[in-house]
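Visitor: coords below, sequence missing:
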């Protein structure tokens, strides 16, 4: 098992009251699979992702549980160990790359910085690697993309550049948080196909965070359904989509039809 979350609970730090954000969440991500984490806004999906990366807001606190990645509980990792894990072993595709990329640095520079921090490549080799990554994700004018700022790219191009950054170090796991929510339908389909191709080509796993059951239908091997901070249903994607057992899962599916 690539990643296993066991009984994870997260609360808001508040001396006056304890407000739970995640309640006893458990899930598994097998190697070379796509697991969809599904639920409406406020269900706790993104909090799960940020817990894996140890990037929770200071206002939030993990109160119990384990996050076991490649056999080790990363909740016990030091800050330095987590810094090394991010990008190298776990990549992140954020919902809106316009804000995830630093607006004052060129796209190429930001991806080269990932390679500079985690590899021994020289400057020429890093630039060549960036071009290779852009070609891999379908950006056909890598020189222009390298020199561009994030606001100079279309939404689809920014998302492809974000995916290029996420896979730059060949991580075992990609976390994709609502990766197509701000794109039009045609671009959404192309991004979904890109994820499928990268999974097969790079032999990686993807935790796909979404409220879109359509993405689950086209991409996911397994599904975890969340409601109000708890897991209410999980299993093989086709089984759950064809025969949902929980009322909330049925509501999500019916909303698509």
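Guide: Looks like it arrived, so ask away. Fair warning: this is a prediction, and the values are worked out from it, not measured in the lab.

Visitor: strand partners of the helix or strand hosting residue 206, parallel vs antiparallel please.
Guide: Assessed by DSSP states H and E, residue 206 sits inside strand 205-210. Partners of strand 205-210 in the sheet, by DSSP bridges, are strand 34-38 (parallel), strand 173-177 (parallel).

Visitor: on contacts alone, who are the packing partners of the longest helix anywhere in the chain?
Guide: Counting residues, the longest helix found in the chain (DSSP state H) is helix 185-202. Helices and strands touching helix 185-202, by 3 or more C-beta pairs under 8 Å, 6 or more residues apart in numbering; DSSP states H and E, are strand 34-38, helix 155-166, strand 173-177, strand 205-210, helix 213-219. C-beta coordinates here come from the backbone N, C-alpha and C atoms, glycine included.

Visitor: report the rounded mean pLDDT for the strand holding residue 206.
Guide: Across strand 205-210, pLDDT averages out at 94.

Visitor: before we move on, back to that, possible to save the strands paired with strand 205-210 as JSON lines with mean neighbour count and distance to residue 95?
Guide: Putting the strands paired with strand 205-210 into JSON lines (neighbours: other C-beta atoms under 10 Å; distance: least, C-beta to C-beta, whole Å) gives the following:
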{"stretch": "strand 34-38", "mean neighbour count": "27", "distance to residue 95": "13"}
{"stretch": "strand 173-177", "mean neighbour count": "24", "distance to residue 95": "5"}
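
Visitor: where do the helices sit along this structure?
Guide: Taking DSSP H to define them, one finds helices in the chain at 45-53, 79-88, 97-100, 107-118, 123-136, 142-147, 155-166, 185-202, 213-219, 237-242, 247-256.

Visitor: this completes my enquiry, with thanks.
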